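**Q** Okay, here's the prediction I keep looking at, along with the sequence it came from:
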Amino acid sequence: MTLNAILITGRTINQGATIENKTSLDYQEATALCELNSKDIGILGIKPGSQISVKTDHGDVVVKLKENNGNPDGMAFIPMGPWANAVVDPDTKGCGMPGFKGIKARLEPTDKKILSMKDLIARYK
């Protein structure tokens, strides 16, 4: 199944607590994830903890699915970090900040593995 959603990014407590060691597994666990509510997870037909592919017009990434029933229907959230950066709008429109909110995304289950930060960044060399 595929879910069309609006993607937003932002800071989280866990992302902030691990930001000093961006190459750590703790940082990856805090940022290589996508939060959806239980209704949207049901549309995908998978369980939290599964890998999902997030694709936008700007890129694609594989992350872990996490349940967050605070999210409205059709809203996907990825914490700020390299995995979010892979799919956000890089056009800063002159302000120096990429577009971190309101990005059309397609989400679907995948068997692909979540790339480490090193491997993810190596894709852009």
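**A** Received, thanks.

**Q** contacts and neighbour counts: CA atoms only from here.
**A** OK.

**Q** can you pull the buried residues of stretch 85-94?
**A** Using 16 or more other CA atoms under 10 Å as the test for burial, stretch 85-94 gives 85, 86, 87, 88, 89.

**Q** Now for residue 47: which residues touch it?
**A** 41, 65 (CA atoms under 8 Å, 6 or more residues apart in numbering).

**Q** Residue 109 too?
**A** Counting by CA under 8 Å, 6+ apart, residue 109 makes contact with 1, 2, 44, 46, 50, 51, 52, 53.

**Q** In three-state terms, label the fourth one for me.
**A** At residue 46, secondary structure determined by DSSP: H, G, I helix; E, B strand; the rest coil is coil.

**Q** What pLDDT does the model give the closest residue to residue 91 other than its chain neighbours?
**A** Leaving aside its sequence neighbours, residue 91 sits nearest to residue 98 (CA to CA, 6 or more residues apart in numbering; 5.6 Å). We have a pLDDT of 70 for residue 98.

**Q** residues near residue 98, how many?
**A** Residue 98 is flanked by 14 other residues according to other CA atoms under 10 Å.
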